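Engineer: mind folding the following:
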Amino acid sequence: MAEPVFARLAIIGCGLIGSSLARGARASGAAGQIVIYDASAFARARIAELGLADEVTLSAEEAVSGADLVIFATPVRAIGEAAAACAHAIAPGAIVSDVGSVKAAVSEALSAALPDSVHIVPGHPIAGTEQSGPDAGFAELFHRRWVILTPQAREDDAYLEAVQRLADFWTALGAQVERMDDKHHDLVLAVTSHLPHLIAYNIVGTAADMEEVTRAEVMKYSAGGFRDFTRIAASDPTMWRDIFLTNKDAVLEVLGRFTEDLQALSRAIRWGEGDKLYDLFSRTREIRRGVIEAGQESAEPDFGRKRGG
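Structural biologist: Here you go, the predicted model:
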């Protein structure tokens, strides 16, 4: 096994991503020691039972003390407060990162909460499931998935070295690493992640609220497309509430474009403009092929779903 990239990894928050980080760092040897703090006493007890950490602490301050890498794996609106609560205990020169799906707001929150002596390198692993909690994680979650780092506007050697060390850490966990401007990240993810979740929540909510269709019928006769939406809409509500509120400008910009395109589709259906529908559906098939070629999805029939016996 290779030498650890970091001697002591502190993870603040242990849901799906936090617990997968711990498992991945352990399996790969990317961290010499793993320390975890979670605000939930139940979660802390479960983390200890699962053996996810070398140490489970009763406070964030204890967890970050002596750590050369601190990763906040909390909902994005909680990161600033969590960082401020333990800022005094983070060692000078330590690298501080996160796993949130919004980057500009998180970068600002961390900068406001932490001293200049630490290296803030926000990050976002584009990986996940609809499950949450310490039991939900698995070491392979980040394998062949993209992790986007959004370094701050610093060019000093110590900071650039910190960015590379964090990239090496994620690579050790099996991820592919990309660097990106934080505001551009937020716009890209508004298109590829945030809007699809918003649409899924809305479609499932609309179906459940329709007076002409009973809830039992919605569940009994759900087709493949609707089932895919229900999977997305089962994602953690706290996390997604925070994402939409902290990335509202980019989400609203993309939502406006989507609404215009949806209205154009509505007109095409109303006026029987089959050529317009066919052209759009053909272009979207190409996007699907591109996603598969990029290794981000399976080309197996039925979207790779496992069939029962």
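
Engineer: the strands in the stretch 1-150 of the chain, which residues?
Structural biologist: Using DSSP state E, counting those that start in this stretch, the strands of the stretch 1-150 of the chain run over residues 6-12, 31-37, 55-56, 69-72, 95-98, 119-120, 123-125, 146-149.

Engineer: closest one to residue 271 among those?
Structural biologist: Taking Cβ to Cβ, strand 146-149 is the member of the strands of the stretch 1-150 of the chain nearest to residue 271, at 40.4 Å. Using the backbone N, CA and C atoms, a C-beta is placed for each residue, glycine as well.

Engineer: which is the next helix or strand following the closest one?
Structural biologist: helix 157-172 (DSSP states H and E).

Engineer: so where's the stretch 201-309 of the chain shaky on pLDDT?
Structural biologist: Applying pLDDT under 70 to the stretch 201-309 of the chain flags the ranges 211-213, 295-309.

Engineer: reformat the strands of the stretch 1-150 of the chain as JSON lines; add mean neighbour count.
Structural biologist: JSON lines is the format used below for those (neighbours: other Cβ atoms under 10 Å):
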{"stretch": "strand 6-12", "mean neighbour count": "25"}
{"stretch": "strand 31-37", "mean neighbour count": "22"}
{"stretch": "strand 55-56", "mean neighbour count": "18"}
{"stretch": "strand 69-72", "mean neighbour count": "26"}
{"stretch": "strand 95-98", "mean neighbour count": "26"}
{"stretch": "strand 119-120", "mean neighbour count": "24"}
{"stretch": "strand 123-125", "mean neighbour count": "24"}
{"stretch": "strand 146-149", "mean neighbour count": "21"}
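
Engineer: redo those as CSV? Include distance to residue 206 and mean pLDDT.
Structural biologist: Listed next are those as CSV, based on distance: least, Cβ to Cβ, whole Å; pLDDT from 0 to 100:
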stretch, distance to residue 206, mean pLDDT
strand 6-12, 37, 98
strand 31-37, 39, 98
strand 55-56, 42, 97
strand 69-72, 34, 98
strand 95-98, 33, 98
strand 119-120, 40, 98
strand 123-125, 29, 97
strand 146-149, 31, 96
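
Engineer: of all those, which lies closest to residue 189?
Structural biologist: Of the strands of the stretch 1-150 of the chain, the one closest to residue 189 (Cβ to Cβ) turns out to be strand 123-125, at 7.4 Å.

Engineer: which elements pack onto that closest one?
Structural biologist: On a contact count with 3 or more Cβ pairs under 8 Å, 6 or more residues apart in numbering; DSSP states H and E, strand 123-125 meets strand 95-98, strand 146-149, helix 157-172.

Engineer: that one: partners in the sheet, and parallel or antiparallel?
Structural biologist: Partners of strand 123-125 in the sheet, by DSSP bridges, are strand 146-149 (antiparallel).
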